[in-house]
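1. next input, structure requested:
(chains A and B, ligands or ions: 2)
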Amino acid sequence: MGEIPILRIGDCLLVSIQVDMHDRLALALQDDLTERIVADRARGVMIDISALEIVDSFIGRMLNNIAAMSRVLDAITVVVGMRPAVAITLVELGLGLTGVRTALNVDKGLALIRNIIDNPERDDANRIR
Amino acid sequence: MPTESDETMPLRTSDDVVRVRQAVRARAVSAGFSLVDQTKLVTAASEVGRNTVDYGGGGTLRIEVVSNGRRRGVRLTFTDQGPGIADLTLAMKDGYTSGSGLGLGLGGAKRLSNEFDIRSAPGQGTIVTLARWT
Ligand SMILES: Nc1ncnc2c1ncn2[C@@H]1O[C@H](COP(=O)(O)OP(=O)(O)O)[C@@H](O)[C@H]1O
Ligand SMILES: [Mg+2]
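-> Ligands and ions are numbered 1, 2, ... in the order given. Here you go, the predicted model:
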């Protein structure tokens, strides 16, 4: 287990990344989350990155991997709270978070997950292309 | 070109990469960078610093705060004595990785910097110098 707590809200998991993660910690979080999605039969995963001052290609890859893994496990991942300076930098870095859904904050993220679970046919409209 | 501060840090582990991000942030703040400029420089430092650790077998980072009279800048020099890079054009290409990365580190760091230079040869190690100005 890594050091980043994974909370449960109903059938969703919430991770709030509060520290500047070194690479091994990011990989541990990816593994922990995958295990918890299965163990808790979670339908949604929310990753709050509002405390993150940068997202580089390593963290970006972690977010992509979690989104892809949760899709295989029939859960929906939403990344919430990305800072504007981080979003601007990501574009220049060349990292499109294709396939990662984003929302402004935790409330909107939860609403998005509910909406997709209740209306699976509209799922594609919520995904960044 | 006057140098306002000059420090060198070790880059051996992924914890060192975290420390490098924090030190570069502190220098960018002291040089008067905007939040977006700080974020770009720290992200570039994280990418190149990770390469120093993962591919270069560890090395050092020199952080200088410089001024050209009109503008202030932060210059970063990453040095390692690792295996070096045989094909620099290939290494700079977006999407190319010899490991399991996304292959965006070098190209991305160049885009996020105002100046970018990479010197390397097989068996000679690698030196990456980048700078960003206010
Ligand atoms: N300091 C270094 N020493 C040796 N090889 C390096 C170094 N930095 C980068 N490289 C090579 O350049 C490639 C591209 O680097 P980068 O763009 O950061 O992508 P990634 O880190 O995802 O592989 C690396 O896969 C590696 O082969
Ligand atoms: Mg890299």
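2. need the contact list for the residue of chain B found nearest ligand 2.
-> With Cβ to the ion as the measure, B:Gly105 is the residue of chain B nearest to ligand 2, at 2.6 Å. Every C-beta, even on glycine, is put in place using the N, C-alpha and C of the backbone. With contacts defined as Cβ atoms under 8 Å, 6 or more residues apart in numbering or on different chains, B:Gly105 is in contact with A:Asp56, A:Ser57, B:Glu47, B:Val48, B:Arg50, B:Asn51.
3. what does B:Gly101 give?
-> By Cβ under 8 Å, 6+ apart, the contact list for B:Gly101 reads A:Ser57, A:Phe58, A:Arg61.
4. among the residues you listed, which are within reach of chain B?
-> Near chain B, taking Cβ under 8 Å from any Cβ of the partner chain as the test, the members of the contacts of B:Gly101 found are A:Ser57, A:Phe58, A:Arg61.
5. considering those residues, which possesses the most neighbours?
-> A:Ser57 (24 neighbours; other Cβ atoms under 10 Å in any protein chain shown).
6. contacts only, for that one.
-> By Cβ under 8 Å, 6+ apart, the contact list for A:Ser57 reads A:Leu93, A:Leu95, B:Glu47, B:Gly101, B:Leu102, B:Leu104, B:Gly105, B:Gly108.
7. the nearest residue to the second one once chain neighbours are set aside: what secondary structure?
-> Ranked by Cβ to Cβ, 6 or more residues apart in numbering or on different chains and with sequence neighbours excluded, the top spatial neighbour of A:Leu95 is A:Gly60, at 4.4 Å. Here A:Gly60 is helix, with the state taken from DSSP: H, G, I helix; E, B strand; the rest coil.
8. what is the burial count for A:Gly60?
-> Residues near A:Gly60, counting by other Cβ under 10 Å: 20.
9. what's the answer for A:Ile59, then?
-> Neighbours of A:Ile59 (other Cβ under 10 Å): 23.
10. confidence score at it?
-> If you check A:Ile59, the pLDDT there is 96.
11. what residues does A:Ile17 make contact with?
-> Contacts of A:Ile17 by Cβ under 8 Å, 6+ apart are A:Ile4, A:Leu29, A:Ile47, A:Asp48, A:Ile49, A:Ala51, A:Leu52.
12. just the buried ones out of those, please.
-> Buried by 16 or more other Cβ atoms under 10 Å in any protein chain shown: A:Ile4, A:Leu29, A:Ile47, A:Asp48, A:Ile49, A:Leu52, out of the contacts of A:Ile17.
13. do you know how far the fourth one is from B:Glu4?
-> When you say that, I think you mean A:Asp48. 37 Å (Cβ to Cβ, to the nearest Å).
14. hang on, the earlier thing: which of the contacts of A:Ile17 fall in strands?
-> Among these, DSSP state E puts A:Ile47, A:Asp48 in strands.
15. most widely separated two among the contacts of A:Ile17?
-> For these, the maximum inter-member distance is 13.9 Å, found between A:Leu29 and A:Ala51 (Cβ to Cβ).
16. quick one on the thing from earlier: out of the contacts of A:Ser57, who's near ligand 1?
-> Among the contacts of A:Ser57, the residues that sit close to ligand 1 (Cβ under 6 Å from any ligand atom) are B:Glu47, B:Gly101, B:Leu102, B:Leu104, B:Gly105.
17. quick check: phi and psi on the second one?
-> Think B:Gly101. phi -80, psi -170 (degrees, to the nearest 10).
18. what do you get for the fourth one?
-> Main-chain dihedrals, B:Leu104, degrees, to the nearest 10: phi -110, psi 0.
19. just the helices from chain B, written as ranges.
-> B:14-30, B:35-54, B:88-92, B:105-111 (DSSP state H).
20. next, the angle from the longest one to helix B:14-30.
-> Read that as helix B:35-54. 150 degrees (axes from the mean of the first three to the mean of the last three Cα atoms, to 10 degrees).
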